[in-house]
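[1] Only the shape, not the letters, is given here:
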């Protein structure tokens, strides 16, 4: 469970702000126990910001409410390194910008559902997944930023 998260750019459209992160995986993956439970924990608001992008943080908790926190459907993984699929979900028990869940899936054939990656080092269970960073986009409404 190790990753390096870096803010790559911020895109502003008339209705959305899109934060684009690069996530480099290393070390080991620990299979999650279900939806909203990490494989990898992503902390978006502590991601490095080497380009010094203004207002780099995604929306967070407001007075303890998660109303402005990006939902699972507001987060897209744009690439599939090594042929694996990835999804980023809100933490099931205490969602904050510091504990989103990255789950990685592979396998499955025909009508079979892809299975979550097994626990183990990336080198042993997910050959080539660490060859390039995951590109993750987080969408937020302009009015909430």
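    Received, thanks. Model, not experiment: these values are computed from the prediction.

[2] Contacts made by stretch 80-91 with the rest, please.
    35-38, 42, 66, 69-72, 75, 77, 99-106, 114, 117, 126-134, 136 (C-beta atoms under 8 Å, 6 or more residues apart in numbering). C-beta here means a position set from N, CA and C on the backbone, and glycine is covered the same way.

[3] Report the buried residues of that stretch.
    Going by neighbour count (16 or more other C-beta atoms under 10 Å), the buried part of stretch 80-91 is 81, 84, 86, 87, 88, 89, 90, 91.

[4] what do you get for stretch 124-140?
    125, 126, 129, 130, 133, 134, 136, 137, 138, 139, 140.

[5] quick one: the helices in this structure?
    Assigned by DSSP state H, the chain shows helices spanning 122-125.

[6] okay, the residue sitting nearest the centre point of it: pLDDT?
    Nearest to the geometric centre of the chain sits residue 88, at 4.2 Å (C-alpha atoms, centre = their mean). As summarised for this prediction, residue 88 has a pLDDT of 95.

[7] so what pLDDT did the closest residue to it other than its chain neighbours get?
    Counting by C-beta to C-beta, 6 or more residues apart in numbering, the nearest residue to residue 88 once its immediate chain neighbours are dropped is residue 75, at 4.3 Å. pLDDT, residue 75: 97.

[8] check contacts around residue 75.
    Contacts of residue 75 by C-beta under 8 Å, 6+ apart are 88, 89, 100, 136, 137, 138, 139.

[9] same thing but 10 Å
    19, 21, 42, 44, 58, 87-90, 100, 102, 136-139 (C-beta atoms under 10 Å, 6 or more residues apart in numbering).
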